[in-house]
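>>> Pasting the sequence and the predicted model now:
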Amino acid sequence: MTDAERVLNLLIHDLRTPLGVAHGYLRLIREQRLTTADDRELALTGTQQALGRISRLCEDASGFLAEPAEGTTVRASASLLVARVSAQLRERGVAFVSSAPAQSLTMMVGAGVDRLACALMTLSPHAG
């Protein structure tokens, strides 16, 4: 299996979960199986969150596939990448513990730290 096939498999897997959640909640609403306003609100909120997750996955995947512009390779701080990934995890409500790499540790990045952080979130099992 190629790297592209592995990424595609993971993306499909990650899309199925929120899609199933949204579908299930909408079915409960349509069939009027939720009897209280609180239950209906919870179902609508869950559906909105699931659809938001699908939207982020699609954005991340399209950003991952975009061709970098010529000459965009830059040296970036590894601690900056850790900070950006950590921020995205916190935004998604994921509890985690991280240790920052040494400030002197750098890496070459082909299209920017933000785009690399988004690509890593696409691959993360904890991103949703």
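Nice, I can see it. Numbers count the residues shown, from 1 in each chain.
>>> any idea of the mean pLDDT in stretch 82-96?
In this model, stretch 82-96 has an average pLDDT of 74.
>>> mind listing what's buried in it?
With burial defined by 16 or more other Cβ atoms under 10 Å, the residues of stretch 82-96 counted as buried are 82, 84-85, 88-89, 92. Using the backbone N, CA and C atoms, a C-beta is placed for each residue, glycine as well.
>>> And the residues you listed, which is closest to Ala22?
Closest approach between the buried residues of stretch 82-96 and Ala22, by Cβ to Cβ: Arg92, at 16.7 Å.
>>> Give me the distance between the closest one and Gly46.
The gap separating Arg92 from Gly46 is 15 Å, by Cβ to Cβ, to the nearest Å.
>>> Tell me the gap between stretch 44-64 and the middle of its chain.
The chain centroid and the centroid of stretch 44-64 are separated by 8 Å, computed with Cα atoms, centre = their mean, to the nearest Å.
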